[in-house]
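*Asks:* got a predicted structure plus its sequence, pasted below:
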Amino acid sequence: MLFLGLSDVDISEMRVGIRTKKGGHNVPKWDIENNFYGNLEMLNEHYQILDHLQIIDTSEFLPKPLAAFKGKNVISSIGTDNLPHWFTTYLPLLTQAIKTFHLPQS
């Protein structure tokens, strides 16, 4: 699964507005907010059942790969100090897995 994250719901609303102006379908603000937070909650709770998961921050013009998982195992990630606020706030289980992944091996 490829998860494209955003820093906040306002960016998502803006992108829906742009798409609507270009003839695309509209999504009510309430649905955008429910989807934004609901998708993060579901990902946090159930990421380990996915065969593969790659999370990319698309808040900026250039997408930024953040982490890749195989099941519950971290395959690669940026350091926890560099994870965006939305990731550490709404994906605490994944954040903890990344912290463990980056612990020094003895």
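*Replies:* Ah, there it is.

*Asks:* what packs against the helix or strand of the chain with the lowest mean pLDDT?
*Replies:* When each helix and strand of the chain is scored by mean pLDDT, DSSP states H and E, helix 9-21 comes last, with a mean of 93. For helix 9-21, the packing partners by 3 or more C-beta pairs under 8 Å, 6 or more residues apart in numbering; DSSP states H and E come out as helix 29-46. Using the backbone N, CA and C atoms, a C-beta is placed for each residue, glycine as well.

*Asks:* the next helix or strand after the helix it packs on pairs with which strands?
*Replies:* Where DSSP states H and E defines the elements, the next helix or strand beyond helix 29-46 is strand 53-57. Here strand 53-57 has these sheet partners by DSSP bridges: strand 2-5 (parallel), strand 64-70 (antiparallel).

*Asks:* quick one: low-confidence ranges for the protein?
*Replies:* 105-106 (pLDDT under 70).

*Asks:* go again using 80 as the cut-off
*Replies:* Across the chain, residues meeting the criterion (pLDDT under 80) sit at 104-106.

*Asks:* go through stretch 67-76 and flag the buried ones.
*Replies:* Under the neighbour-count criterion of 16 or more other C-beta atoms under 10 Å, stretch 67-76 has 67, 69, 74 buried.

*Asks:* before we move on, what about stretch 51-70?
*Replies:* 53-55, 57, 59, 66-67, 69.

*Asks:* mind listing what the residue nearest to residue 54 when sequence neighbours are not counted touches?
*Replies:* Nearest non-adjacent residue to residue 54, counting by C-beta to C-beta, 6 or more residues apart in numbering: residue 68, 4.8 Å away. For residue 68, the contact set (C-beta atoms under 8 Å, 6 or more residues apart in numbering) comprises 52-55, 74-77.

*Asks:* quick one: which of those is nearest to residue 32?
*Replies:* residue 55 (19.6 Å; C-beta to C-beta).
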